[in-house]
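Trainee: Please work out how this folds:
(2 chains)
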Amino acid sequence: MLVARDVRKRYAAREVLRGVSLSVAAGEVFGFVGPNGAGKTTFLKTLVGVVRPEDGDVRIQGVDALRDPLAARRLVGYAPGDAALYDGLRVGELLRFAVGFHPDADLALGGELLERFALPPRMKVRHLSHGMRRKLLVAQALASGAPLLVLDEPMEGLDPEARHRVEELLREAAGRGRAVLFSSHDLPSVERVADRVAFLRDGIVVAEGAVGEVLAEVSRLLWLRLRAPLGADDLPRAEGLDWEPAEPLVEGRARRWRLLFRGDLEDVLPVLASLPLLGIRDASGGLDEAFSVLYREPDEEGAARC
Amino acid sequence: MLTRQWWREQRLLTLGYLLLVVFNAAASVLMWPYLRDQIPAFVKIIPFEPLQQFVQAMETDGFWAYFCVQHLWKGAGFFGIAAAGLMGSGLVAREVDNRTAEFLLSRPVSRSRILWTRVGVSAVLLVAPLFVATLVSYRLAPRVDEVLELGPALAATAHVSLYVMMAFAATVALSARSSHALKPAMVVLGVMLASFAIYLVRGLWDWSLYNLIDLDHLLPLHQGVFPWQPALEMLGAASAFLGLAWWSFERRDF
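Mentor: Residues are numbered from 1 along each chain as shown, chains lettered A, B, ... in the order given. The predicted structure is shown next:
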């Protein structure tokens, strides 16, 4: 449904997207995760032609979105993240305006969604709370009838019940064969809803795959707590082991260390047997931890990698 | 849908502008008898030479010159320009300022269609009140024992409409590159104000944009002579500004 290859975008001296590639299939929910400023919103904007990338290729159902953005937009139900709405319109009017340009718009579904979200159609948009606006944006994207849904932070500012409802709707949409791409900081939501996930950092996809695969990848990071502080030279050395202090070094030593390893865990554990271990855990607890692993600064906590 | 949406956003401004130009035209016509007999005295007390020439033209060309000065040079030249500045300024920049641009531009509608629909609707909203005020003047003229010939009056209104459209197009060109709703209007209105000030200064007035719609061009219309040269200049400038606006809008990231 959506195939993006090597999408690049630069604002003045800053390269915001440095070759982002991803694909979303029909019937799939794809979570797009990244910290603020990673380039998520810029990437989503390129899909609907609001931002023009310098380079790359974006195809939506085979339509070249960069050469023919209008044709591509007809295939996308888009819910912007931080955008404001026309405050002077009523909810129902805004819905009609939003989906009116879509060839397969389903206004009946739109009305149903307003009801489901408890959004009064005659209420002025200016009187909507942040969460209600967010629901309205989701509703209009779904009611567009477009085969690809692109939603920028759809869960942001929603209460748990509304979040759950949006998650249900996204799954339902995918169940009907639509492709869903959404960005989020709400990692538990991504974990619940998404089939696949991509992590973006500084304009680059640093990890992508099925949620389970990404978690498996991330579980190759171990946190070790030692009985006594050790220096980098005291740690076991082997091919594929990458040590990093997890607390500030005191006289070149630390009690907590992070270990990133390649290969299988059973091959690594014997190497660790010589250490005065107090505790050990991996980062496979969920996407929250994966997020912290993938976005940790290489030199954070003031220490160099060993 | 785009037409309706833009009309909704502009209707209050349009209503205010319509009331101003119609009130200005109607009040001017009804005040004509009080001025008519005192023109020689007025000429002596008016400070600026261009304005003195206006009043002298009223003495020689009568009600036609008065109508051209009051409704077209003053009414359209001020209220029309102000409305054009405010309407043009909001065309793109207000969407950015209000953070609605992303929502609008992500709809499956081309940027060209958005721009030209808004330009078209704005052109009607800016020009129609001028013609309405002209028709009001035409209907009121007999009340002050004058006759306003409709043909020349409409032709003069069309000429001045080009002036308003030129200012509008310049504002749209700035708006297409701006992110602040009022900045383009401030720039264009500042230029027009400076242009008006220049018009009042002997030696500089030839450089004023207000020359394009002054009596040198409007008076001959009464004899059926249309000022094609300034009209084409204004049309060319408006087209160039709109072309620039379109070029900028098509290429801009939001």
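Trainee: What parts of the stretch 51-200 of chain B come near chain A?
Mentor: With CB under 8 Å from any CB of the partner chain as the criterion, the stretch 51-200 of chain B meets chain A at residues B:98, B:99, B:100, B:101, B:102, B:103, B:105, B:106, B:107, B:108, B:109, B:110. All C-beta atoms are positioned from the backbone trio N, CA, C, and that covers glycine.
Trainee: which one of those residues is nearest residue B:65?
Mentor: residue B:98 (44.3 Å; CB to CB).
Trainee: Can you get me a residue count around the closest one?
Mentor: 16 (other CB atoms under 10 Å in any protein chain shown).
Trainee: my guess is it meets residue B:180, correct?
Mentor: No - if you go by CB atoms under 8 Å, residue B:98 and residue B:180 don't touch, sitting 10.9 Å apart.
Trainee: sorry, back to before: which of the residues of the stretch 51-200 of chain B next to chain A count as buried?
Mentor: Buried subset of those (neighbour count, 16 or more other CB atoms under 10 Å in any protein chain shown): B:98, B:100, B:101, B:102, B:103, B:105, B:106, B:107, B:108, B:109, B:110.
Trainee: Show me where chain A has its strands.
Mentor: A:2-11, A:14-24, A:29-33, A:55-60, A:63-64, A:76-79, A:148-152, A:179-184, A:196-201, A:204-210, A:221-231, A:241-245, A:253-261, A:277-282 (DSSP state E).
Trainee: er, the stretch 51-200 of chain B actually
Mentor: In the stretch 51-200 of chain B, no strands are defined using DSSP state E, counting those that start in this stretch.
Trainee: distance of residue A:40 from residue A:208?
Mentor: Using CB to CB, to the nearest Å, we find residue A:40 at a distance of 13 Å from residue A:208.
Trainee: More neighbours: which of those two?
Mentor: A direct count of neighbours by other CB under 10 Å for residue A:40 and residue A:208 places residue A:40 higher, at 25 against 18.
Trainee: And the more buried one, how far from chain B?
Mentor: 14 Å (CB to the nearest CB, to the nearest Å).
Trainee: How about that residue: what's its closest non-neighbour residue?
Mentor: residue A:183 (4.3 Å; CB to CB, 6 or more residues apart in numbering or on different chains).
Trainee: Enumerate the residues of chain A near chain B.
Mentor: So far as CB under 8 Å from any CB goes, chain A lies against chain B at A:11, A:45, A:48-52, A:70, A:73-74, A:76, A:78, A:80, A:82-86, A:88-89, A:96-98, A:100-103.
Trainee: Export the residues of the stretch 51-200 of chain B next to chain A to a markdown table and append columns for pLDDT.
Mentor: Listed next are these as a markdown table, based on pLDDT from 0 to 100:
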| residue | pLDDT |
| --- | --- |
| B:98 | 92 |
| B:99 | 93 |
| B:100 | 94 |
| B:101 | 94 |
| B:102 | 94 |
| B:103 | 95 |
| B:105 | 96 |
| B:106 | 95 |
| B:107 | 96 |
| B:108 | 96 |
| B:109 | 95 |
| B:110 | 95 |
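Trainee: Need the pLDDT of the residue in the stretch 101-250 of chain A that chain B sits nearest to.
Mentor: Distances between the stretch 101-250 of chain A and chain B by CB to the nearest CB are smallest at residue A:101, namely 4.6 Å. Looking at residue A:101, its pLDDT is 94.
Trainee: What's the local residue count around it?
Mentor: 18.
Trainee: Against residue A:1, how distant is it?
Mentor: Applying CB to CB to residue A:101 and residue A:1 gives a distance of 20 Å.
Trainee: what's the answer for residue A:140, then?
Mentor: Relative to residue A:1, and taking CB to CB, residue A:140 is found at 20 Å.
Trainee: and residue B:66, what does it touch?
Mentor: B:28, B:32, B:35, B:58 (CB atoms under 8 Å, 6 or more residues apart in numbering or on different chains).
Trainee: give me the element the first one is part of.
Mentor: This points to residue B:28. helix B:2-36 (DSSP states H and E).
Trainee: tell me which residues of that helix are tucked away?
Mentor: B:2, B:5-6, B:9-10, B:13-14, B:17-18, B:20-22, B:24-26, B:28-29, B:32, B:36.
Trainee: what's around the residue lying closest to residue B:208 once chain neighbours are set aside, how many residues?
Mentor: Nearest residue to residue B:208 in three dimensions, chain neighbours excluded: residue B:199, at 3.8 Å (CB to CB, 6+ apart). Per other CB under 10 Å, the neighbour tally for residue B:199 reads 21.
Trainee: and if you look at residue B:151?
Mentor: Residue B:151: 10 neighbours (other CB under 10 Å).
Trainee: just residue B:207 next, same as before
Mentor: Residue B:207 has 11 nearby residues by other CB under 10 Å.
Trainee: pLDDT at the residue lying closest to it once chain neighbours are set aside, what is it?
Mentor: Nearest residue to residue B:207 in three dimensions, chain neighbours excluded: residue B:198, at 5.7 Å (CB to CB, 6+ apart). For residue B:198, the pLDDT comes out at 91.
Trainee: sorry, back to before: enumerate the beta-bridge partners assigned to the residue nearest to residue A:40.
Mentor: residue A:32, residue A:152 (DSSP bridges).
Trainee: pretty sure it contacts residue A:149?
Mentor: No - the criterion here is CB under 8 Å, and residue A:183 misses it with residue A:149 at 12.0 Å.
Trainee: residues shared between the contacts of the two?
Mentor: Counting by CB under 8 Å, 6+ apart, nothing touches both residue A:183 and residue A:149.
Trainee: Buried residues in the lowest-mean-pLDDT helix or strand in chain B, which are they?
Mentor: Ranking every helix and strand in chain B by mean pLDDT, DSSP states H and E puts helix B:39-45 at the bottom, with a mean of 81. Neighbour counts over helix B:39-45 (16+ other CB under 10 Å) mark B:39, B:42, B:43 as buried.
Trainee: And chain A, what are its domain boundaries?
Mentor: A:2-209, A:220-282 (automatic domain parsing).
Trainee: between the buried residues of helix B:39-45, which is nearest residue A:59?
Mentor: Closest approach between the buried residues of helix B:39-45 and residue A:59, by CB to CB: residue B:42, at 72.9 Å.
Trainee: Wait, that closest one touches residue B:51, no?
Mentor: No - applying CB under 8 Å, one finds residue B:42 not in contact with residue B:51, separated by 9.6 Å.
Trainee: which residues do those two both contact?
Mentor: Common neighbours of residue B:42 and residue B:51 (CB under 8 Å, 6+ apart) do not exist.
Trainee: Contacts for stretch B:211-224, please.
Mentor: Contact with stretch B:211-224 is made by B:50, B:53-54, B:57, B:61, B:64-65, B:68-69, B:72-73, B:76-77, B:149, B:151-152, B:155-156, B:159-160, B:163, B:199, B:205, B:227, B:230, B:233-234, as judged by CB under 8 Å, 6+ apart.
Trainee: For residue A:123, give me phi and psi.
Mentor: Dihedral angles phi and psi of residue A:123 (degrees, to the nearest 10) take the values phi -70, psi 140.
Trainee: per-residue confidence at the nearest residue to it once chain neighbours are set aside?
Mentor: Excluding its sequence neighbours, the residue lying closest to residue A:123 (CB to CB, 6+ apart) is residue A:91, at 5.1 Å. pLDDT, residue A:91: 97.
Trainee: Can you get me a residue count around residue A:91?
Mentor: Close neighbours of residue A:91, defined as other CB under 10 Å, add up to 25.
Trainee: contacting residues for it?
Mentor: A:114, A:119, A:120, A:121, A:122, A:123, A:124, A:125, A:128, A:136.
Trainee: of the contacts of residue B:66, closest to chain A?
Mentor: residue B:28 (34.6 Å).
Trainee: tell me, what residue is most central in chain A?
Mentor: In chain A, the C-alpha nearest the mean C-alpha coordinate belongs to residue A:33, at 1.9 Å (CA atoms, centre = their mean).
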